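Trainee: sequence unknown, structure follows:
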């Protein structure tokens with residue numbers, strides 16, 4: 001791949017994470033945290049696994065557009081996986097601790113790429129195929145554990161469900177901006 005293509009793959013693929021957030025929130029409302037975790041594990045594992053097979057030449061098509069599609073699957077899966085702890089924190093945390101817990105969660109989500117890059121550098125130097133397989137397995141384990149062990153307090157029908165959805169949008173889709 002050329003440098004331009006290597007830049008386009010994650011740039012376009014990240015749109016899977018950001019654009020799908022609205023749809024993931026709607027789906028989450030209907031299927032709940034367990035099935036969102038299963039969907040996240042399948043999409044992320046499938047995306048990384050297909051990238052590994054394509055990168056290694058096992059699959060016959062190696063065009064960068066196909067890799068972008070696979071990376072988009074990983075992004076959509078990440079959105080499904082991220083909504084579970086985010087909604088859990090928003091719903092289950094007392095108001096006086098909500099800012100800290102949401103901040104820790106968002107920090108962990110942001111630092112995960114940094115940690116995985118260092119794991120790749122330390123253990124998979126020159127083995128991109130192995131690193132993709134590792135990411136596939138690692139993310140699947142994380143999302144399946146999230147599906148199995150994260151539970152959200154069920155709110156009474158008196159609580160406005162739209163309020164939870166709006167909170168999700170303001171935190172995940174429209175991040176806070178600095179104002180001067």
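Mentor: Yep, that arrived. Computed from a predicted model, the values in this text were never measured in an experiment.
Trainee: Only C-alpha atoms from now on, for both contacts and neighbour counts.
Mentor: Noted.
Trainee: Could you list every helix and strand in contact with the strand or helix carrying residue 85?
Mentor: Element membership of residue 85, judged by DSSP states H and E, is helix 64-92. In terms of contacts (3 or more CA pairs under 8 Å, 6 or more residues apart in numbering; DSSP states H and E), helix 64-92 is packed against helix 3-13, helix 15-19, helix 21-55, helix 95-123, helix 128-149, helix 161-168.
Trainee: between the ones you listed, which gets nearest to residue 88?
Mentor: Set against residue 88 and scored by CA to CA, the helices and strands packed on helix 64-92 come closest in helix 21-55, at 8.9 Å.
Trainee: quick check: angle from that closest one to helix 64-92?
Mentor: Calculated by axes from the mean of the first three to the mean of the last three CA atoms, to 10 degrees, helix 21-55 forms an angle of 140 degrees with helix 64-92.
Trainee: angle of helix 21-55 against helix 128-149?
Mentor: In terms of direction (the same axes, to 10 degrees), helix 21-55 departs from helix 128-149 by 150 degrees.
Trainee: I'd like the average pLDDT over helix 21-55.
Mentor: Over the span of helix 21-55, the pLDDT mean works out to 90.
Trainee: returning to what we had before: okay, buried residues for the helix holding residue 85 please.
Mentor: With burial defined by 16 or more other CA atoms under 10 Å, the residues of helix 64-92 counted as buried are 64, 67-91.
Trainee: can the helices and strands packed on helix 64-92 go into TSV with extra columns for mean neighbour count?
Mentor: Below are the helices and strands packed on helix 64-92 laid out as TSV (neighbours: other CA atoms under 10 Å):
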stretch	mean neighbour count
helix 3-13	14
helix 15-19	19
helix 21-55	21
helix 95-123	13
helix 128-149	19
helix 161-168	14
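Trainee: where in this protein is pLDDT low?
Mentor: 154-180 (pLDDT under 70).
Trainee: center of it, which residue is that?
Mentor: residue 78 (1.5 Å; CA atoms, centre = their mean).
Trainee: picking that back up, ok now the helix holding residue 85, how far from the chain's centre?
Mentor: A distance of 3 Å separates the centroid of the chain from that of helix 64-92, by CA atoms, centre = their mean, to the nearest Å.
Trainee: Over to stretch 134-145?
Mentor: 11 Å.
Trainee: Check stretch 130-141 too.
Mentor: Its chain's C-alpha centre and that of stretch 130-141 lie 13 Å apart, by CA atoms, centre = their mean.
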